[in-house]
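**Q** Provided below for reference: sequence and predicted model.
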Amino acid sequence: MAKLEKLNAEKVDRENREREILGFIDSLQNSPLALGTWDEQLWTLLVVKGTVSRDGGVEFEFMGGVVK
């Protein structure tokens, strides 16, 4: 019984993740290729962290490990 419950929980988790991913893909497909205005929600989703150097410069780490 415990194994069945664990497998059912894993199935529900996978289904929830699939639904989230499909929603994200749909959102991307329906979005414009270039942003016309600032999108704070998109920024917070893409930026992992920002580092301010002593000279006042800022370096951002984006999802996927890209640093600019």
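**A** Structure's in. What do you need? Numbers count the residues shown, from 1 in each chain.

**Q** going forward, measure contacts and count neighbours with C-alpha atoms only.
**A** Will do.

**Q** quick one: which helix or strand includes Glu59?
**A** Per DSSP states H and E, Glu59 falls inside strand 58-62.

**Q** So which bits of the helix or strand bottoming out on mean pLDDT in the chain are buried?
**A** Least confident helix or strand, the chain: helix 40-46 with a mean of 87, by mean pLDDT, DSSP states H and E. For helix 40-46, a neighbour-count test (16 or more other CA atoms under 10 Å) marks nothing as buried.

**Q** measure the spatially most central residue of the chain to Asp39 for me?
**A** Compute the mean C-alpha point of the chain, and by CA atoms, centre = their mean the closest residue is Leu45, 5.1 Å away. Per CA to CA, to the nearest Å, Leu45 is found 10 Å from Asp39.

**Q** so how far is the longest helix anywhere in the chain off the chain centroid?
**A** Longest helix of the chain, by residue count under DSSP state H: helix 2-29. The chain centre lies 16 Å from the centre of helix 2-29; the measure is CA atoms, centre = their mean, to the nearest Å.

**Q** Which parts of that helix count as buried, going by neighbours?
**A** Applying 16+ other CA under 10 Å to helix 2-29 flags no residue as buried.

**Q** Ramachandran angles for Pro48?
**A** No Pro there; residue 48 is Val. phi -90, psi -50 (degrees, to the nearest 10).

**Q** for it, what are its contacts?
**A** Neighbouring residues of Val48 by CA atoms under 8 Å, 6 or more residues apart in numbering: Phe60, Glu61, Phe62, Met63.
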